[in-house]
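> I would like the atomic coordinates for the input below:
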Amino acid sequence: DGMWIGSFLPRNHFRLMSCIAAKDLEDRHGLLGKLIVRVGRAIPIDRFGNPVRGLIIARKKVEEGNILLVHPEGTRSIDGQLGEFKDGAAYIALKSHVPLLPVFIDGGYEVFNRHMKAPQPFDATQGRRREVILTFGKPLDPADYKNPKQMTQALSDWMHAQYAKKRIPRPDLTRDGNQ
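As a prediction, this is how the structure comes out:
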């Protein structure tokens, strides 16, 4: 996701981008995981324990003027469907008084999902490159929300509305990413 979102940033903003990533990313995904952590300037979050330390570091980065990429579900989708949204992104936005910019990535699952070892931008059955469409929503102003749950619900509502308008067809993919 960071590759696609980062590609829309002006060059001088790209160096300010960080992302929240699973603490175990480097260990579980070898060289690709290490590359994502380094290039994405990842802030590690403990998904299976206490995420507070990572959220505090992320909040500090935002307060220093950095752009922070947060996956509101806390993980990549197993089947391409939207999962349950966590409150981390809203917590950071509310505590740092910085707007949250929703981004829907249509086609990302088809190009590089959690079952693939590497991105697969080419669809051999169709004989063409796979499409990825990014839709940017209106920024969610933290002043408009009382708490992280309320802001997370607004984000979830927007994302589900975008998902309902999804344009990239979802093929039946096997666990190795092939059709």
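> give me the contact list for the longest strand seen in the chain.
Taking DSSP state E as the criterion, the chain has its longest strand at strand 17-22. Residues from elsewhere that reach strand 17-22, judged by Cβ atoms under 8 Å, 6 or more residues apart in numbering: 1-2, 5-6, 9, 28, 36-37, 40-45, 47, 54, 58, 61, 66-71, 75, 88. (Each C-beta comes from the backbone N, C-alpha and C, glycine too.)
> any low-confidence regions in the chain?
Where the chain drops to pLDDT under 70, the residues are 170-179.
> can you pull out the helices in it?
Using DSSP state H, the helices of the chain run over 2-6, 11-14, 25-28, 30-39, 52-63, 88-96, 108-111, 148-164.
> centre-most residue in this protein?
Among the residues of the chain, the one closest to the centroid is residue 71, at 3.4 Å (Cα atoms, centre = their mean).
> hang on, the earlier thing: among the contacts of strand 17-22, name the buried ones.
Buried members of those, scored by 16 or more other Cβ atoms under 10 Å, are 1-2, 5-6, 36-37, 40-45, 54, 58, 61, 66-71, 88.
> residue 127: which of the helices of the chain is closest?
Proximity to residue 127 (Cβ to Cβ) singles out helix 108-111 among those, at 15.2 Å.
> what's that closest one packed up against?
Contact partners of helix 108-111 among helices and strands, from 3 or more Cβ pairs under 8 Å, 6 or more residues apart in numbering; DSSP states H and E: none.
> let's see 10 Å
helix 2-6, strand 122-123 (3 or more Cβ pairs under 10 Å, 6 or more residues apart in numbering; DSSP states H and E).
> ok, which of those comes nearest residue 103?
Using Cβ to Cβ, the helices and strands packed on helix 108-111 put helix 2-6 closest to residue 103, at 6.0 Å.
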